[in-house]
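In: model this:
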Amino acid sequence: MKKSDFIRFFASGFYSGYSPQVPGTTGTLPIWLAALLLFPGHQTIIISLAVILTLLSVYLAGEAEKIWGHDSKKIVIDEWAGMMITLILVPFTIPNYIIALMAFRVTDVLKIFPARSAESLPGGWGVTADDVVAGIQANILTRLTVYILFNYILTG
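Out: Numbering: from 1, shown residues only. The predicted structure is shown next:
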């Protein structure tokens, strides 16, 4: 495997970023499914993956930009990092993880301050930083939603 093949494979989230429709969402699904099915609620793994994927994303996104151009839609390793950040300390239930997925996609698409300005960082830093910010925002949004939903709305 050539270095460029390695970059394409991992930066695109095992090619999930090649989807012609909503590549950010399609690219987020593999890591979300892994969290849901392979290590549900294992916070040590989720935190470790959040750190590892963030660091990998900075490198891989920077290298992938040399292949595909600036912040190509095919690059989704940054979504993987952001999704893992979203899941940190979120209590494991399927509804909570669905809320987390939706919260991450919304915050990633809307680029709520300071996410948009984080994109202006150079290279892989800019590609990754906005998703890190979106992941932090989505984590807070998820935890608030879960708290309000299950402590006030569903319990009456």
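In: what about the closest residue to Leu87 other than its chain neighbours, helix or strand, and which?
Out: Spatially, and ignoring its direct neighbours in sequence, Leu87 is nearest to Ile46 (5.1 Å; C-beta to C-beta, 6 or more residues apart in numbering). Using the backbone N, CA and C atoms, a C-beta is placed for each residue, glycine as well. Ile46 belongs to helix 43-68 when elements are defined using DSSP states H and E.
In: in the helix or strand of the chain with the lowest mean pLDDT, what's buried?
Out: Least confident helix or strand, the chain: helix 115-118 with a mean of 90, by mean pLDDT, DSSP states H and E. Buried positions in helix 115-118, judged by neighbour count with 16 or more other C-beta atoms under 10 Å: 115, 118.
In: Would you map the helices across this structure?
Out: 3-11, 23-37, 43-68, 77-87, 94-110, 115-118, 123-148 (DSSP state H).
In: Enumerate the positions of the first one that are buried.
Out: Spelled out, it's helix 3-11. Neighbour-count burial for helix 3-11 flags 7-8, 10-11 (criterion: 16+ other C-beta under 10 Å).
In: Which pair in those residues has the greatest spatial separation?
Out: Arg8 and Phe10 (7.8 Å; C-beta to C-beta).
In: Might one say that Ser12 is in contact with Val76?
Out: Yes: using C-beta atoms under 8 Å as the test, Ser12 is close enough to Val76 to be in contact (6.1 Å).
In: between these two, what contacts are shared?
Out: Gly27 (C-beta atoms under 8 Å, 6 or more residues apart in numbering).
In: of the two, who's got more company?
Out: Val76 (34 against 23; other C-beta atoms under 10 Å).
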